[in-house]
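**Q** pasting the structure only:
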């Protein structure tokens, strides 16, 4: 439990900080503002990607007063649902209908309070660092009463604005190595990534889910980091992780994905069973984070570039697969049950790998009846007419403007 005086002191201190805080670079998320009079806006995303900054920006732009509370404060570890009456009192004294709750998933059972305040006519914006924020009871309580959006580290265009660079090969290569975490780009200190790694792996995965096999989980993370862009099967990891059941490894992967550390994409198939039985390809949330914590002595820029192209797509599309036929196509984007885009990622297309890159893409174009395909490169531009249609070679800097 916490006293009203103690809770009020935390609220006042956080409010003072928010009023003085630098609002940073503007972050944009698309949603229907009119719905926020009756729906909660929930923002999820990896730690330190800018969710709190987004809240600050919304509070400053509101033109009205607001009430803010960050539940990750160490002073709030004793906060319980039965303290809701004290918080009600503080909100009433604040005299505002605009509530901003940061890292709300740090408080178990908070879903009841969020729904209560919505029913009372409050406008609510909340954030969390776990994709399971709206699963289970919280999702049930807010069914039909929330708008969900994911926030990522800076995309390429945001990176250019933040670092004051121009689009092109040099900034593309820099972005691939540095990634888009705002704090790192401010100080350029790789210790930022190691602290972030600890927060995600230990706090958001191990502690949050009560994992006891800590060393095995860390080995899994290390393996995934070293194998971005590669196919992954849980059953093949049992011996190296000293785990007896593939379902355990699959569960860990699910928790890592919900903490936004990794993404796992399946093979494209109309059969869900085939998707489940085939290996998935793994990608990291940020190429800068991957580059910093990877132990590879020789950086694999080919896989890192593929990871960067995936992230560009993932910011805009939820349904992304890979195609596996006689050849392979890196990314199959599906929109409303129909394939809408086919993309290969290749640092540069040379005579040695042109046949492989083209054949996989052409096979996918024929399979899905598309007359356009894209090969994203670091700095190449060209157009090739083939029997299936047209293949565009585009530099990453231009490709991102098409999404």
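**A** Yep, it's here. Just so you know, these numbers come straight off a predicted model, no measurement behind them.
**Q** so which elements touch the helix or strand hosting residue 85?
**A** Element membership of residue 85, judged by DSSP states H and E, is helix 84-94. When contacts are defined as 3 or more C-beta pairs under 8 Å, 6 or more residues apart in numbering; DSSP states H and E, helix 84-94 sits against helix 4-20, strand 67-70, helix 110-119. Heads up, the C-betas are built off the backbone N, CA and C, glycines and all.
**Q** nearest to residue 285, out of these?
**A** Across the helices and strands packed on helix 84-94, residue 285 has its closest neighbour in strand 67-70 (21.9 Å, C-beta to C-beta).
**Q** who does that closest one pair up with?
**A** When sheet partners are counted by DSSP bridges, strand 67-70 sits next to strand 98-102 (parallel).
**Q** quick one: the strands in the stretch 251-400 of the chain?
**A** 262-265, 280-284, 320-324, 328-335, 338-345, 372-377, 382-386, 389-395 (DSSP state E, counting those that start in this stretch).
**Q** elements contacting the third one?
**A** It refers to strand 320-324. In terms of contacts (3+ C-beta pairs under 8 Å, 6+ apart), strand 320-324 is packed against strand 262-265, helix 301-314, strand 328-335, helix 351-368.
**Q** residues in contact with that strand?
**A** 265-268, 275, 278, 281, 310, 313-314, 328-334, 342, 360, 363-364, 367 (C-beta atoms under 8 Å, 6 or more residues apart in numbering).
**Q** so what are the domain limits for this structure?
**A** Split into domains by automatic domain parsing, the chain comes to 4-150, 154-266+276-299, 316-403.
**Q** mean neighbour count, distance to residue 305 and mean pLDDT added to these, as a markdown table?
**A** Listed next are the domains of the chain as a markdown table, based on neighbours: other C-beta atoms under 10 Å; distance: least, C-beta to C-beta, whole Å; pLDDT from 0 to 100:
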| stretch | mean neighbour count | distance to residue 305 | mean pLDDT |
| --- | --- | --- | --- |
| domain 4-150 | 16 | 20 | 90 |
| domain 154-266+276-299 | 17 | 6 | 95 |
| domain 316-403 | 17 | 5 | 96 |
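**Q** just put those domains in CSV and tack on distance to residue 306.
**A** Listed next are the domains of the chain as CSV, based on distance: least, C-beta to C-beta, whole Å:
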stretch, distance to residue 306
domain 4-150, 19
domain 154-266+276-299, 4
domain 316-403, 4
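**Q** which residue, neighbours along the chain excluded, lies closest to residue 222?
**A** Spatial nearest neighbour of residue 222, chain neighbours left out: residue 295 (7.2 Å); criterion: C-beta to C-beta, 6 or more residues apart in numbering.
**Q** mind checking how far the one you found is from residue 223?
**A** 11 Å (C-beta to C-beta, to the nearest Å).
**Q** likewise for residue 289?
**A** For residue 289 relative to residue 223 (C-beta to C-beta), the value is 16 Å.
**Q** what do you get for residue 265?
**A** Distance, residue 265 to residue 223, using C-beta to C-beta: 17 Å.
**Q** kindly report the same for residue 10.
**A** 40 Å.
**Q** now swap in residue 45 and tell me
**A** Residue 45 sits 24 Å away from residue 223, going by C-beta to C-beta.
**Q** over to residue 233?
**A** Applying C-beta to C-beta, the value for residue 233 to residue 223 is 12 Å.
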